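Novice: generate coordinates for the sequence data below:
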Amino acid sequence: YLDLKSKEEKLKKQKEELLEKYHELEPFQPLELNLKEVFQYRYMKVRFGRIAVDYYQKLEKYLFDDLNAIFLEGTRDENYVYGCYFSAHKETGKIDSAFRSLHFEKMDVPEDYEGMPAEICRSLKRRMELLDQQSEDLQKQIGEFLSGHAAKLLGARYLLEEMSNNFDVRKMAARLENEQEDYYILCGWMSEDDVKAFIEETKDDDRITIVEEEGREKFFGEPPTKLKNPKFFKPFEMFIRMYGLPSHNEMDPTIFVALTYTFIFGAMFGDVGQGLCLFIGGGILYKTKKMNLAGIISIAGIFSTFFGFMFGSFFGFEGTIIKPLWLSPMHAMINLPFVGQLNTVFIVAVAFGMGLILLAMIFQIINAKKRGDKENMLFGPNGVAGLVFYGFLVLTIVLYMTGHKTPGNIMLAIFLGIPVILFFLKEPLGQLVEGKKPKTESGVGMFFVQGFFELFETMLSFFSNTISFVRIGAFAVSHAAMMEVVLMLGGITDGAGTPNWIVIVLGNIIVCALEGLVVGIQVLRLEYYEMFSRFYQGSGREFHPFNNHANKLN
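Specialist: Numbering: from 1, shown residues only. From the prediction side, this is the model:
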């Protein structure tokens with residue numbers, strides 16, 4: 001095989017040499033002169049090269065009559081004229097200077113050629129074709145040789161791969177020696193299902209001993225994380241990895257993100273036509289390119305289509321082609337006590353945000369319980385105390401806005417005042433429930449100052465996080481407003497007029513692209529800052545099984 005490859009490389013090198021010579025002479029093929037003869041002229045000198053088209057025109061117009069030289073043109077392209085010039089031997093220096101001033105680029109043509117350039121080029125092509133044929137025959141010989149030894153070659157390859165994989169495993173093992181044989185100890189993480197399968201597979205092999213250790217954190221630190229979600233929700237794992245994987249004692253928020261992200265996206269970008277475009281376009285990209293972002297866009301397009309029916313929007317036509325099943329974002333208004341008249345979607349968006357914040361607090365309580373963090377579970381702003389405070393506050397606001405009787409002062413003092421005190425005393429109370437003696441590291445005075453500002457920040461975050469959900473309604477209204485502008489530019493006013501379909505189509509494309517991008521970023525911001533910040537840490541590390549390394553080798 002090495003002998004055949006050596007011959008192949010030799011043929012390849014010969015062809016490259018011939019091809020280089022061919023490229024040297026190709027531009028001069030039209031010249032009818034014998035190269036060997038012109039290089040041996042006694043009273044004339046010849047120079048081969050090229051000159052830019054602009055300078056060649058100047059040469060023809062101004063200098064030919066004053067130069068004792070003859071220029072023979074070969075080929076030309078859009079930039080250069082290729083050829084050669086002859087000059088008297090005594091005036092060569094002067095002629096060369098004139099041509100250099102015109103940026104004539106000299107090209108080296110070997111002096112050992114004999115015959116006209118066209119004949120030499122044809123000869124070189126025939127020799128290259130002969131080399132191609134010899135190379136093709138050699139390839140067939142190599143193929144036949146490898147086919148004849150295929151079994152041995154594949155066997156050698158598999159054996160080498162197996163030995164290489166075993167060596168890679170052995171490098172990570174602790175080695176123990178005795179007089180009879182060596183022992184190798186491997187420690188690592190496996191999922192519970194894989195452990196059971198591994199034990200079952202090796203139960204009859206007396207050379208392998210498996211110890212399943214339950215006190216894993218004590219011996220090996222924090223376990224890695226392996227995300228496991230239904231196929232429909234798999235694309236949304238991208239957002240989780242961007243923020244940080246959950247640790248072993250933390251819930252996987254993938255499904256929560258998938259449902260809330262797509263729902264909020266649809267509410268902010270409600271349009272039947274554009275939603276279907278997102279669904280179809282994203283689905284095609286996901287199927288062909290396996291892009292997670294495309295899968296997310298496709299699922300979000302379903303909710304956009306749903307809210308498009310709710311809002312009666314179809315490619316910007318509001319209420320004309322499809323009647324709204326719920327309301328029109330731009331025109332639906334509601335009167336509220338103390339506040340006055342407001343857009344309905346703003347109120348619904350804030351109410352929905354309140355519900356999500358309460359749900360995030362419940363998740364935080366679950367996660368804190370898994371971690372054994374009693375302090376934050378019971379007394380934190382996102383724990384039981386925060387849930388009582390914010391839940392009661394939401395209930396009071398809802399009762400007031402709907403015209404119902406609100407809780408009395410005693411109830412307000414209990415359900416709002418006590419949680420605030422718990423927020424303030426969270427640290428010492430947490431030490432108490434954990435059986436420790438309460439103490440303040442920086443002194444009582446600094447404790448009260450720090451507690452005051454932390455409490456102020458907590459109240460401010462409750463307000464800002466709640467108000468932040470107004471953006472859901474704002475984008476729903478702005479989408480309808482932007483599409484109304486597109487229709488006006490397209491010649492449609494109040495659902496009538498002669499439409500300019502080019503403007504309408506281009507407007508839909510621009511709005512769909514730009515607003516879709518902005519809405520996607522804003523929804524992700526809501527997920528990360530208004531929800532994740534309350535219950536999710538994302539401090540886990542990803543599980544990388546060793547057999548993935550072996551599969552790559554195969």
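Novice: could you measure from the nearest residue to Ile492 once chain neighbours are set aside over to Met483?
Specialist: Spatial nearest neighbour of Ile492, excluding adjacent residues (CB to CB, 6 or more residues apart in numbering): Pro499 at 5.3 Å. Quick note: C-beta positions are derived from backbone N, CA and C, even for glycine. To Met483, Pro499 is 13 Å away according to CB to CB, to the nearest Å.
Novice: returning to what we had before: does the residue nearest to Ile492 belong to a helix, a strand or coil?
Specialist: With DSSP: H, G, I helix; E, B strand; the rest coil as the basis, Pro499 sits in coil.
Novice: so between Pro499 and Met483, which is more surrounded?
Specialist: When Pro499 and Met483 are compared on other CB atoms under 10 Å, the one with more neighbours turns out to be Met483, at 24 against 12.
Novice: verify the contact between that one and Phe314 for me.
Specialist: No: the criterion here is CB atoms under 8 Å, and Met483 misses it with Phe314 at 9.8 Å.
Novice: shared neighbours, those two?
Specialist: Contact criterion CB atoms under 8 Å, 6 or more residues apart in numbering; residues shared by Met483 and Phe314: Asp271.
Novice: burial measure for Val348, as a count.
Specialist: Neighbour count for Val348, taken as other CB under 10 Å: 19.
Novice: and the nearest residue to it once chain neighbours are set aside, how many neighbours?
Specialist: If the residues on either side of it in the chain are set aside, Val348 comes closest to Gly473, at 6.8 Å by CB to CB, 6+ apart. By other CB under 10 Å, the residues close to Gly473 number 23.
Novice: which helix is the longest one in the chain?
Specialist: The residue-count maximum for a helix in the chain (DSSP state H) belongs to helix 117-148.
Novice: how many degrees apart are the next helix or strand after that one and helix 117-148 in direction?
Specialist: Next along the chain after helix 117-148, taking DSSP states H and E as the criterion, comes helix 150-171. Helix 150-171 and helix 117-148 are oriented at 70 degrees to each other (axes from the mean of the first three to the mean of the last three CA atoms, to 10 degrees).
Novice: can you give me the mean pLDDT across the helix or strand following helix 150-171?
Specialist: Counting by DSSP H and E, the next helix or strand C-terminal to helix 150-171 is strand 174-177. Model confidence over strand 174-177 averages 83 on the pLDDT scale.
Novice: which helix or strand contains Phe307?
Specialist: With DSSP H and E as the test, Phe307 turns up in helix 292-311.
Novice: residues of that helix that come out buried?
Specialist: 292, 294-311 (16 or more other CB atoms under 10 Å).
Novice: what is the mean pLDDT for it?
Specialist: 95.
Novice: what of stretch 544-554?
Specialist: Taken as a whole, stretch 544-554 has an average pLDDT of 61.
Novice: please apply the same query to stretch 118-132.
Specialist: Per-residue scores along stretch 118-132 average to 93.
Novice: and if you look at stretch 501-515?
Specialist: 92.
Novice: how's this protein carved up into domains?
Specialist: When the chain is parsed with automatic domain parsing, its domains come out as 2-132, 168-219, 228-328+472-554, 343-468.
Novice: can you tell me what sits against whatever helix or strand comes next after the helix holding Phe307?
Specialist: Sequence order places strand 313-314 as the next helix or strand after helix 292-311, per DSSP H and E. Contact partners of strand 313-314, identified using CB under 8 Å, 6+ apart, comprise Gly270, Asp271, Val272, Gly273, Gly308, Ile321, Ile322, Pro324, His479, Ala480, Met483.
Novice: please report how far Lys370 lies from Thr260.
Specialist: Distance, Lys370 to Thr260, using CB to CB: 21 Å.
Novice: before we move on, the earlier item: derive a ChimeraX selection command for the buried subset of the contacts of strand 313-314.
Specialist: Per 16+ other CB under 10 Å, the buried members of these correspond to this ChimeraX selection:
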select :270,271,272,273,308,322,324,479,480,483
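Novice: low-scoring stretches of the stretch 51-200 of the chain, by residue?
Specialist: 62-65 (pLDDT under 70).
Novice: if we can go back for a sec, if you count what's nearby, which of Lys370 and Thr260 comes out ahead?
Specialist: Thr260 (19 against 14).
Novice: save the contacts of strand 313-314 as JSON lines, and put in distance to Arg126 and secondary structure too.
Specialist: JSON lines is the format used below for the contacts of strand 313-314 (distance: CB to CB, whole Å; DSSP: H, G, I helix; E, B strand; the rest coil):
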{"residue": "Gly270", "distance to Arg126": "71", "secondary structure": "coil"}
{"residue": "Asp271", "distance to Arg126": "67", "secondary structure": "coil"}
{"residue": "Val272", "distance to Arg126": "68", "secondary structure": "helix"}
{"residue": "Gly273", "distance to Arg126": "64", "secondary structure": "helix"}
{"residue": "Gly308", "distance to Arg126": "69", "secondary structure": "helix"}
{"residue": "Ile321", "distance to Arg126": "71", "secondary structure": "coil"}
{"residue": "Ile322", "distance to Arg126": "73", "secondary structure": "coil"}
{"residue": "Pro324", "distance to Arg126": "78", "secondary structure": "coil"}
{"residue": "His479", "distance to Arg126": "69", "secondary structure": "helix"}
{"residue": "Ala480", "distance to Arg126": "73", "secondary structure": "helix"}
{"residue": "Met483", "distance to Arg126": "68", "secondary structure": "helix"}
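Novice: sorry, back to before: just put the domains of the chain in a markdown table and tack on distance to Lys140.
Specialist: Below are these laid out as a markdown table (distance: least, CB to CB, whole Å):
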| stretch | distance to Lys140 |
| --- | --- |
| domain 2-132 | 10 |
| domain 168-219 | 38 |
| domain 228-328+472-554 | 29 |
| domain 343-468 | 66 |
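Novice: out of those domains, flag the one nearest Phe145.
Specialist: Ranking the domains of the chain by proximity to Phe145 (CB to CB) places domain 2-132 first, at 6.6 Å.
Novice: where do the strands sit along this protein?
Specialist: Remark: strands assigned in the chain by DSSP state E are 44-52, 69-76, 80-88, 105-106, 174-177, 182-185, 313-314, 317-318, 333-336, 340-343.
Novice: and the second one, which residues are buried?
Specialist: In this case it means strand 69-76. Here strand 69-76 shows Ala69, Phe71, Gly74, Arg76 as buried, counting by 16+ other CB under 10 Å.
Novice: what's the closest of the domains of the chain to Leu159?
Specialist: domain 228-328+472-554 (12.8 Å).
Novice: quick one: distance of the closest one to the chain centre.
Specialist: Taking CA atoms, centre = their mean, to the nearest Å, one finds the center of domain 228-328+472-554 at 16 Å from the center of the full chain.
Novice: could you do stretch 226-235 as well?
Specialist: Taking the mean of its C-alpha atoms, stretch 226-235 sits 18 Å from the chain's own mean (CA atoms, centre = their mean).
Novice: same thing with stretch 405-416?
Specialist: 50 Å.
Novice: how long is that stretch end to end?
Specialist: 17 Å (CA to CA, to the nearest Å).
Novice: show me the contact partners of it.
Specialist: So stretch 405-416 is contacted by Val388, Phe389, Phe392, Leu393, Leu395, Thr396, Leu399, Tyr400 (CB under 8 Å, 6+ apart).
Novice: surely the last one and Leu393 touch.
Specialist: This points to Tyr400. No: counting by CB under 8 Å, Tyr400 stays clear of Leu393, with 10.8 Å between them.
Novice: thinking again about what came up before, in CSV: the strands of the chain, plus distance to Ile509.
Specialist: Shown next, in CSV, are the strands of the chain (distance: least, CB to CB, whole Å):
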stretch, distance to Ile509
strand 44-52, 45
strand 69-76, 45
strand 80-88, 44
strand 105-106, 49
strand 174-177, 62
strand 182-185, 62
strand 313-314, 15
strand 317-318, 16
strand 333-336, 31
strand 340-343, 28
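Novice: so which of those is the most surrounded?
Specialist: Most buried of the strands of the chain, by mean neighbour count (mean count of other CB atoms under 10 Å): strand 313-314, with a mean of 26.
Novice: no more questions from me, cheers.
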